[in-house]
Every structure is written in C-alpha cells, then in structure tokens.
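Enquirer: My questions concern the predicted model and sequence given below.
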Amino acid sequence: MLGKMLENVREKHPLIHNITNYVTVNDCANILLACGGSPIMSDDINEVEEITTICSGLNINIGTLNSNTIKSMMAAGKKANELGHPVLLDPVGAGASGLRTDTACELVKEIKFDVIRGNISEIKTLAGASAATSGVDADEADAVTEDSLESVINLAKSFSARTGTVIAVTGAIDIVADSSKAFVIRNGNPMMSRITGTGCMLSAMTAAYIAANPDNFTEAAAASVCAMGACGELAFERLSERDGNSTYRSYIIDEIYNLTPEKLENSAKYEIK
Amino acid sequence: MLGKMLENVREKHPLIHNITNYVTVNDCANILLACGGSPIMSDDINEVEEITTICSGLNINIGTLNSNTIKSMMAAGKKANELGHPVLLDPVGAGASGLRTDTACELVKEIKFDVIRGNISEIKTLAGASAATSGVDADEADAVTEDSLESVINLAKSFSARTGTVIAVTGAIDIVADSSKAFVIRNGNPMMSRITGTGCMLSAMTAAYIAANPDNFTEAAAASVCAMGACGELAFERLSERDGNSTYRSYIIDEIYNLTPEKLENSAKYEIK
Amino acid sequence: MLGKMLENVREKHPLIHNITNYVTVNDCANILLACGGSPIMSDDINEVEEITTICSGLNINIGTLNSNTIKSMMAAGKKANELGHPVLLDPVGAGASGLRTDTACELVKEIKFDVIRGNISEIKTLAGASAATSGVDADEADAVTEDSLESVINLAKSFSARTGTVIAVTGAIDIVADSSKAFVIRNGNPMMSRITGTGCMLSAMTAAYIAANPDNFTEAAAASVCAMGACGELAFERLSERDGNSTYRSYIIDEIYNLTPEKLENSAKYEIK
C-alpha cells in the first residue's frame, strides 16, 4: 500500500508550491525532484494565489517567516482551500517565539490543513494553543519514547479529530495519525538530526505524496515518513569513515531519488495503532 | 574558439553581480567560482548600483522576485547599461504568473540585455509579449524537438533581431542565437532536469562568460551552454548506481571546476545554422 | 588547549542565533551541526530579540543585508549584549558599498562584539572607519603575506585594544588577536577560496566556539580558525582528480563533523606573537 503512494508521485509528477524558509529551500527543491514531484518557490503576495492555482499542492513552512511572507502564506493557503488543493503546514519553531506560535496558530485557524508535520514540541505547542482546555501539558518530556508513546498517539489523534488534519509527529519514533488510527514508524537514524533540514525536506516531500494521493492523506503521509526514514537508513549504510553530515545529506536525497515502491514496502517499519 | 571563451574567464576572473533567487543562489555562487569567475550577491536598493559598478557583469534572475527586489533589478540593470557592463536576464517562470510575465517584460523594455537565457516557454512568453504581432503562439508544443527546431531557431533569431539581445533557449536541444546565426547545441543529459537550478547556474556562468568576452556575446554564450551540457555528460559518467540528483549536482559543479579549454572544444557538440 | 575549546562545543551544544545571508546559510547551519552546535536562523524584527534570548550566542553576517534585516541585526545585537551572550560580526563586503561599510560601522558602534571575523580588506575598512586617526591606510596591499604580517598584527591588536573585541583576520595566513597577543595561524589550503562561504561558515562556527567558551574568547576563536584550516587541509587530501569545489565543500563540513580535540591539537599550526 505504501509503495502505491510513491508510485502515484512518480506517475503524476505533482507540482508543489512552496512558501518556505531560505535555509533549506534548495534541499526541499532537490528532494521534491528526487521523489518524482516538481517544485516552485514563490512568496510574493502579488503572485502566490496565481502560483498556487497552477500547482497541485501547497507546502507552507514558517522557518524564516517575516511580515511579508506571513501574508503570502495566509493568502496562498486560503486559495488552495478554495481550489481543494492539498495543503501542508510545517510549523518550524512554533513555541520558540511568540511570532512563530501566533503565526502557526493563526494559520491553523484560517486555513484547513490536510497534514501538519512537526517535531513533538511544535505539535504540542499547536495542539495546546488551539485548545487550551485539552490539557496538553507543555511540561511533558518532549522526546517520543516507548514510555511516552501512548500519550503522544492520543494527543495526535485528538488533535486530528478536532481539526480534520493528519498529524505527523517526527522524531526518534514517528507518528502519523488521523482521528481513528496512528502509524507508529520506527525507521530512520539518529544522525539525521545532525543535518539541517531533514524535517523541512520531509514536509516538502509529504506535500508531493498527498498531492498525488488526494483520497488517502493518512497513508500518503505515512508513506512519505517511512520513505524518509528508510532512505536515512540506506544512506547511513553508504557512509565511509571520513564522511560526515554533508555527504550524508547528499546520500539521503540520492536514496530518495533511487527509491522504488518495492524498496519502500520492504524497508518500512511500522505498526498501526 | 569556444575554448578561448573559457580561457578568458579563467584569466580575467570577472566579478559578477547577481540579483537572484534564494533557492539556487548557493549553487550559482559555487559554479561562478568553479568556472573562474567570482560572485557577489546583493539585492538591496540602497547598494545595488554601487555593487554593479564594481563588477564587470550583472546577472538578473527573477526566480523568487518580490516587490523590493524588482526595484533593485531595474536600478542595477539601468546602471549596468549606463556603464556598458554586460547584463543577462533569466526570466524564471515568465508565463507562470502575471507578476513574472509583467516583470520580465518590463525589464526587457527598460534594460538592454546582452543575453536572455530561459527555457522555451519563458522565451516564447517574452517574445510574444514584447511583440504580440509576431504571431508566436503559446499553444505550440513547448519542447524543442527535431520537428520544432526550425521554428524555434526562427523565433530566437527574430526576437534577437528586434532586441539586439543574444537569445539562449535551453532544453533537450539548446539554441543560442543572434539575428544572423544560431548555435544548435546537443550536449547535456536528461537527468539534468532532475536537479534544481541547472538553468540558474547556467545563467550565472554565462554572465561570467560574456563579461570576460565583451566583444563576442554569441560565441561566449554558446561556449557557456556547451560547457554546462558537456559537464552534465561528464558528471553523469561518474555516477555510480546509488548516486542520485544530489551527488549529480555536486559532480556537475566539480566538472565545471576541472573543465579545460581543450576538453570544452573536444566535447562541444554543435552546428551553426 | 585548543582541543578543550572544541570539547566544550561538543559538550554544551550551544544554540546559535544567526542573522545571515541567504547565499551560504545552509552551509552555516550544517557546519554548526557538524561542530557540535545547533543553528537557528531568524531575521524578523518581531522575533529576533526573543530568539536571541533562548540562544547562547549570536552570529551577525551582513552578506545580503537589507533595510529590514539591518534593523533586526541591531535589535538582536543589543539584546544579546544586555543578556551577556557572546556576539560575533562578519562584516561581509564592508568597503564594497557605502551601505555595507556604514552598516558594519554602525553595528560596531552600537553593539559590543566579542569577535569580529573578516578578510583583511573588511577589517581594514572597519578599523579605519571607526578611528580615522589611527592611520590605517586603505591603500596598503591587502593580502596578508610574511612581509605585511607584522603590520597586520599591529592593526588587529590596536583595533582590539580600542574595541575590546577579538579580531580574526582570515586569508592565506590567519591572525586572531586581542590587545595583548596574536595567534598567527598557517592552516588551510588555497582551494578554500574557490568555495563560496568558507568565511561565513567559519564565522558561524566561531560563534559556537565562543558561546561554549565564554571565558576565553581569544583561544576559542583561534581554535575555530585552526579547525577550519585543518579541515580544509584534511578535506583536500581526500579529493580525487575529478573532484572540484563542490565536493571539496562537502568534505570540509564532513571533516569538521569528524574532528576530534586530539586531531585539532595535532594539526593546528600556529605561533603566538
């Protein structure tokens, strides 16, 4: 089933509109091309609605947000909603500043997202802020471990139930949840956290996966998360003693480029809860 | 002859002012260094004229244009014209949004470009918009094939005749034309389209080639296009089974770094029509 | 001693706030992760003070400055001063435009920097402008050679004495000076100048070194400069005949990733004057 999701990306070549940060934007463009999609980056208010219109999916990433791009995110997101295009949010750094938290919450309020992908701190910030009475405690240990797994799954499912959005929480263990089920994914390698932009890249790629699989957002997002983790493992195996995080970054994109539906099926490590 | 163009880049180390997008800007800087030039990136209205003045060429790329950078492009382009510095336009996405089409057309109207480099859709958009009576039909198949080759050559030559600009149309077959002759170039590899920024990189490098060969813009642009395609071939040969588009990108820049005038002469595949 | 500086970076994982250019920002983030630090990039006036507050060091780089980011640099720098966080300035292109020179001088006037790292032209511009009577002559040959070494050391020491800032002048020979002593460092490889961003990367990494060694800015900066040069040498040894500046860039970051305190101690080539 996950393999089919990738197959659809390769067949449909979805064009993805990215309003994203300038730190990892090149890697996002290259991973979109690697997975079978196609990138357009555009953040000026005078064209974002038009650009979104010619695309089949929108990826909003607040990594280096500013007052101009926030307006563009809002306008593009609303337009994509209007057109029924899949939209993904990567709330980079929500919780780290008031501007990021407020912007992410405002975006979630005004735009219907199909997937939100973030680390556990970002997701907790969003879930808590948009429903303070749900009791999500910012003081909980942030890392998703076997101990905290159950509570994070519940958090993701209930956040999804409230918003109608697939919630992807990525870290040592990844969770992709809708209101009724959660993929618990155990792919990946700890060294991925030593590369800038693995999260951003995953978000961009996930936008392509959901754009190519509009009837199956949960499975599409899970397939993308498994693909990233599996390629992180495969790329790690290729590293020689003198390679470091820069070569590792290239190898991960290379593995995404060479990933087949079969390889994805065989290397995905997940259970459904 | 093409080799001599490269030789001049390596000897003169032209400093190129780039007003370019934030997606591929790092690759543009590295390919400029690889070919023998030197990059400066600057897009603030309060310094672009001054920066252009200390450079020997200007590369304007509208890939992630915004209202601030559009003003800077205009100001820098006019200053470069005033100083007689070679200027190149990369009209990224002209045709994809009104803002891009209008900006590209406005730039072409206000600034005398020495080279415009784009894909066939971008060039058609520009050629049609700047002379609607020329009958260039946006409905024509976009890909440059052996069948459409003749008509694209004619389009490029007549656009060049009207504007005094060398027109570089790049794709599966590349055409570099002035009003009287066209280089038809058959270097390159299809995998180059799976890397973000091969077009942007080529534009940046071409700005260095024309800056170092101010009396010979057509040949200089043709040499740069051949160099990019030839290095795309050489880099492709180096790829192992597990390499993908990320390693390919690095290898292309590496080949540009190691390209010699002799290698360029020997690997260039072109005819003049 | 230099090894201890690196050890502290690896132990403390300092989070560094970067207000930096969009050309080399990805490499800056990856080298921060490679050395043991952690990057945040943020340049909007509505969050920079808050972001600086949660970090343990600030890296200001004026490489693609604009009117918005200049305000953010000023606000973040003042906040960092208030909090006693180490602050570094990379005055990219000071001297190349009035805007850059004025901005760099204004920043130095308003903010207490702990380290300023630049090439000799940038440092001379800053030193001269902030004290025109010191007689620093912009007409002096710019390259730091064995002949000019003495005068550059004196310039750096006296600039440091006036400002209380450690001055790092990097080039063929690197100098890291406070008012009383100067590290003269002879690591590195000429090919490093064919990569964009070696200076920016060094500045970002140095911000991590000083953040992790707040009681020892001079030695921390010297350790970072030695680390960059040594890794430039080690990476150069790895290059095969067909590698160029792109692979070299990756290998340098990889070597920083794999650098140990012992390797740094053994490969650092410096004398104290």
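Expert: Cool, got the structure. Numbering: from 1, shown residues only, chains lettered A, B, ... in the order given.

Enquirer: make it CA atoms for all contacts and neighbour counts henceforth
Expert: Fine.

Enquirer: measure A:Ser67 to chain C for me?
Expert: 7 Å (Cα to the nearest Cα, to the nearest Å).

Enquirer: same question, A:Ser179
Expert: 33 Å.

Enquirer: How is that residue assigned, secondary-structure-wise?
Expert: Following DSSP: H, G, I helix; E, B strand; the rest coil, the label given to A:Ser179 is coil.

Enquirer: The closest residue to A:Gly95 other than its chain neighbours: how many residues sit nearby?
Expert: Using Cα to Cα, 6 or more residues apart in numbering or on different chains and skipping the chain neighbours, the partner closest in space to A:Gly95 is A:Thr101 (5.3 Å). Using other Cα atoms under 10 Å in any protein chain shown, A:Thr101 is surrounded by 20 other residues.

Enquirer: Tell me which residues are up against the strand or helix carrying A:Thr101.
Expert: Under the assignment given by DSSP states H and E, the secondary-structure element containing A:Thr101 is helix A:98-110. If you take Cα atoms under 8 Å, 6 or more residues apart in numbering or on different chains as the criterion, helix A:98-110 is touched by A:62, A:65, A:70, A:73-74, A:78, A:91-95, A:125-126, A:129-130, C:46-47, C:50.

Enquirer: So the very next helix or strand once past that helix, near chain C or not?
Expert: Towards the C-terminus, the helix or strand next in line after helix A:98-110, according to DSSP H and E, is strand A:115-118. No: on the criterion Cα under 8 Å from any Cα of the partner chain, strand A:115-118 is out of touch with chain C, staying 15.7 Å away.

Enquirer: How about the residues of the stretch 1-150 of chain A by chain C?
Expert: Taking Cα under 8 Å from any Cα as the criterion, the contact residues of the stretch 1-150 of chain A with chain C come out as A:Tyr22, A:Val23, A:Thr24, A:Gly63, A:Thr64, A:Leu65, A:Asn66, A:Ser67, A:Ala96, A:Ser97, A:Gly98, A:Leu99.

Enquirer: what is the rounded mean pLDDT of stretch A:219-232?
Expert: Taken as a whole, stretch A:219-232 has an average pLDDT of 98.

Enquirer: any idea which helix or strand carries the closest residue to A:Ala96 other than its chain neighbours?
Expert: With Cα to Cα, 6+ apart as the measure, C:Ile51 is the residue that lies nearest to A:Ala96, at 6.9 Å, once sequence neighbours are left out. In this structure, C:Ile51 is located in helix C:48-54 according to DSSP H and E.

Enquirer: And the next helix or strand past that helix?
Expert: strand C:57-61.

Enquirer: Tell me which residues of stretch A:224-241 come out buried.
Expert: Within stretch A:224-241, the residues scored as buried using 16 or more other Cα atoms under 10 Å in any protein chain shown are A:224-236.

Enquirer: does chain B sit close to it?
Expert: No: using Cα under 8 Å from any Cα, no contact is recorded between stretch A:224-241 and chain B, whose separation bottoms out at 8.9 Å.

Enquirer: Distance-wise, check the closest residue to A:Ser67 other than its chain neighbours relative to B:Ser250.
Expert: Distances taken as Cα to Cα, 6+ apart put C:Asp44 closest to A:Ser67, at 7.5 Å, once the chain neighbours are dropped. C:Asp44 sits 32 Å away from B:Ser250, taking Cα to Cα, to the nearest Å as the criterion.

Enquirer: Now tell me what touches the helix or strand harbouring A:Ala76 from outside.
Expert: Following DSSP H and E, the helix or strand that holds A:Ala76 is helix A:67-83. Residues outside helix A:67-83 that contact it (Cα under 8 Å, 6+ apart): A:19, A:43-45, A:48-49, A:52-53, A:57-58, A:60, A:86-87, A:103, A:107, A:110-112, C:44.

Enquirer: The next helix or strand after it: partners in the sheet, and parallel or antiparallel?
Expert: From helix A:67-83 onward toward the C-terminus, using DSSP H and E, the following helix or strand is strand A:87-90. Paired strands of strand A:87-90, with direction, are strand A:57-61 (parallel), strand A:115-118 (parallel) (DSSP bridges).

Enquirer: For chain C, what's the nearest residue on chain A?
Expert: As assessed by Cα to the nearest Cα, chain C sits closest to A:Gly244 within chain A, at 3.9 Å.
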